[in-house]
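Engineer: Sequence and computational prediction follow.
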Amino acid sequence: MNTLPEDIEALFHKRLAQTSDKPYGIHLKRAEGCFVWDINDKKYVDLVSGISVSNIGHRHPLVINAIQRQSEKYLHTMVFGEYVQPVQVNLADNLAKMLPEALDCSYLVNSGTEAIEAALKLAKRHTGRSKIVSFRKSYHGSTHGSLSVSGNEEKKDAFRPLLPDVHFIDLNDSHSLTVIDESAAAVILEPIQGDAGVKIPNKEYLLALRARCTKVGAMLIFDEIQCGLGRTGKMFAFEHFDVHPDILCLAKSLGGGLPIGAMISSQHIMDDFKSSPALGHITTFGGNPLSCAASIANLKVLQTEISMKEVEAKGKLFKSLLIHDKIIELRQIGLMIAVDLESEEELSNLIDLCKDQGVIIYRFLSHPFSFRISPPLIISDELIKQSVEVIIKCLDRL
């Protein structure tokens, strides 16, 4: 039985668990390309891509076609790793061909936080160590393990005790690298810190970090869940720094709009999950066939239809146009942009004003005075100019 539109909004608050007292609140009707529409057919420019999920835009035809074709074959048939499912194998093979030789084996999961959980377990299993080193202001997910290695203390306090033996250092502080010692199983880092407000490491720092991990035998985990797959103007953010991880985590934009994650390492490291104990990591729905099919199509679009040079140029266009007295600082790499305002109150007001004018911007978890811009990579220069014009007018009203 269908409910009336007015009933839906009431049930949204009553039947769905809420994550804040003030959800964004668009009553969604449909989405396509760089736009979403509400039930009144009001059109919004989506400058956040579902938090960097819809990198190739909403409902790309190749993704939709791939989902439809796979749905005619089979959906879930068995837990991950037991049946030979060509759609899973093809996705893993495509990923291996895009990545450095040492990243040749994928463990497919359902989300980013699951990819992080798998990576932490693999590092501990492979090294026989327990210490994890992470970074202040980092964000790696909301399950207990991934929350434990996230650097937002306010978000963690209500859920302690968390994973023990986790240590935090500051990004770009070379002196703190000594915390990474022979007891460390892994160091986990977003090559571009997303929810910290697009914080960018120094190349020299990442080279030193890589060298330190190699020296002490700690595994280097890169979390590219938000910054990977074209978002920064490179297919993978680590390409900016000429540094390769031992373990790579992907999700968000990997599925072209469907939920999927991947934890990627070398086959010989991944083999540690096969024994002592066997089934060292398991998932029922990991590598869901529909999500894998969507992901393969998504990767094809990224490789054949998206120019990484244009992604960087579009980011620079945003940066050149976003000039206003209310803007304190702007950080940009590719189409991953953070814009700092004076206060959280100004930020909340700006988000609401822009929404009223049909432009979607959004906040960061760990940088409360900043708004994010992370539109679909297919956004046109003209739409960028139109969107920034709206943002500037709204800034004038603060």
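Structural biologist: Everything's here; your move.

Engineer: which of the residues in whichever strand or helix holds residue 395 are buried?
Structural biologist: Secondary structure assignment for residue 395, by DSSP states H and E: helix 381-396. For helix 381-396, burial by neighbour count (16 or more other C-beta atoms under 10 Å) applies to 383, 384, 387, 388, 390, 391, 394, 395. Bear in mind the C-beta positions are built from the backbone N, C-alpha and C, glycine included.

Engineer: Also stretch 147-163?
Structural biologist: For stretch 147-163, by 16+ other C-beta under 10 Å, it's 147, 148, 149, 150, 151, 152.

Engineer: Kindly report the same for stretch 332-352.
Structural biologist: So stretch 332-352, judged by 16+ other C-beta under 10 Å, has buried residues 332-341, 346-347, 349-351.

Engineer: Enumerate every residue touching residue 74.
Structural biologist: Applying C-beta atoms under 8 Å, 6 or more residues apart in numbering, we find residue 74 in contact with residue 289.

Engineer: For my notes, confirm residue 353 occurs in a helix.
Structural biologist: Yes - under DSSP: H, G, I helix; E, B strand; the rest coil, residue 353 falls within a helix.

Engineer: how close does the residue nearest to it when sequence neighbours are not counted get to residue 368?
Structural biologist: Nearest residue to residue 353 in three dimensions, chain neighbours excluded: residue 394, at 3.9 Å (C-beta to C-beta, 6 or more residues apart in numbering). Residue 394 sits 18 Å away from residue 368, taking C-beta to C-beta, to the nearest Å as the criterion.

Engineer: do residue 327 as well
Structural biologist: Noted for residue 327: a distance of 16 Å to residue 368, by C-beta to C-beta.

Engineer: What of residue 322?
Structural biologist: Counting by C-beta to C-beta, the gap from residue 322 to residue 368 is 19 Å.

Engineer: For these two, indicate the residue with more neighbours.
Structural biologist: The neighbour count for residue 322 versus residue 368, taken as other C-beta atoms under 10 Å, is higher for residue 322 (17 against 14).

Engineer: Assess the claim that the more buried one and residue 330 are in contact.
Structural biologist: Yes - between residue 322 and residue 330 a contact is recorded at 5.9 Å, counting by C-beta atoms under 8 Å.

Engineer: Mutual contacts of the two, please.
Structural biologist: Joint contacts of residue 322 and residue 330 (C-beta under 8 Å, 6+ apart) are 337, 339.

Engineer: Would you verify that residue 123 is located in a strand?
Structural biologist: No - looking at residue 123 with three-state DSSP, it is helix, so not inside a strand.

Engineer: how about the nearest residue to it, chain neighbours excluded?
Structural biologist: That would be residue 186: by C-beta to C-beta, 6+ apart, it lies 3.6 Å from residue 123.

Engineer: Domain boundaries for this protein, per the record?
Structural biologist: Listed by automatic domain parsing, the domain ranges of the chain are 5-55+307-396, 62-304.

Engineer: Make TSV from the ones you listed and add mean pLDDT to it.
Structural biologist: Output for the domains of the chain, formatted as TSV (pLDDT from 0 to 100):
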stretch	mean pLDDT
domain 5-55+307-396	96
domain 62-304	97
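
Engineer: Would you mind finding the most buried of those domains?
Structural biologist: Highest mean neighbour count of the domains of the chain: domain 62-304, a mean of 20 (counted as mean count of other C-beta atoms under 10 Å).

Engineer: From start to finish, how long is that one in a straight line?
Structural biologist: 12 Å (C-alpha to C-alpha, to the nearest Å).

Engineer: Now do it: distance to the chain's middle.
Structural biologist: 10 Å (C-alpha atoms, centre = their mean, to the nearest Å).

Engineer: And for stretch 43-61?
Structural biologist: That offset, for stretch 43-61, works out to 13 Å (C-alpha atoms, centre = their mean).

Engineer: Please, where are all the helices along the protein?
Structural biologist: Using DSSP state H, the helices found in the chain span residues 5-15, 49-52, 61-71, 86-98, 112-127, 144-148, 153-156, 203-216, 267-270, 289-304, 308-321, 344-356, 381-396.

Engineer: Using JSON lines, please lay out these together with distance to residue 41.
Structural biologist: Putting those into JSON lines (distance: least, C-beta to C-beta, whole Å) gives the following:
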{"stretch": "helix 5-15", "distance to residue 41": "12"}
{"stretch": "helix 49-52", "distance to residue 41": "20"}
{"stretch": "helix 61-71", "distance to residue 41": "21"}
{"stretch": "helix 86-98", "distance to residue 41": "36"}
{"stretch": "helix 112-127", "distance to residue 41": "33"}
{"stretch": "helix 144-148", "distance to residue 41": "39"}
{"stretch": "helix 153-156", "distance to residue 41": "37"}
{"stretch": "helix 203-216", "distance to residue 41": "47"}
{"stretch": "helix 267-270", "distance to residue 41": "48"}
{"stretch": "helix 289-304", "distance to residue 41": "27"}
{"stretch": "helix 308-321", "distance to residue 41": "27"}
{"stretch": "helix 344-356", "distance to residue 41": "16"}
{"stretch": "helix 381-396", "distance to residue 41": "19"}
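
Engineer: dump the residue contacts of the residue most central in space within the chain.
Structural biologist: For the chain, the residue nearest the mean C-alpha position is residue 226 (2.0 Å; C-alpha atoms, centre = their mean). Going by C-beta under 8 Å, 6+ apart, residue 226 touches 51, 52, 112, 190, 192, 194, 195, 252, 336.

Engineer: Return the member of those residues nearest to residue 359.
Structural biologist: Taking C-beta to C-beta as the measure, residue 359 lies nearest residue 51 of these, at 16.1 Å.

Engineer: The residue nearest to residue 123 and residue 132 touch, don't they?
Structural biologist: Yes - applying C-beta under 8 Å, one finds residue 186 in contact with residue 132, separated by 5.5 Å.

Engineer: Give me the common contacts of these two.
Structural biologist: 120, 123.

Engineer: Residue 262 is in contact with residue 251, correct?
Structural biologist: Yes - if you go by C-beta under 8 Å, residue 251 and residue 262 touch, sitting 7.2 Å apart.

Engineer: overlap in contacts of those two?
Structural biologist: Jointly contacting residue 251 and residue 262 under the rule C-beta under 8 Å, 6+ apart are 109, 115.
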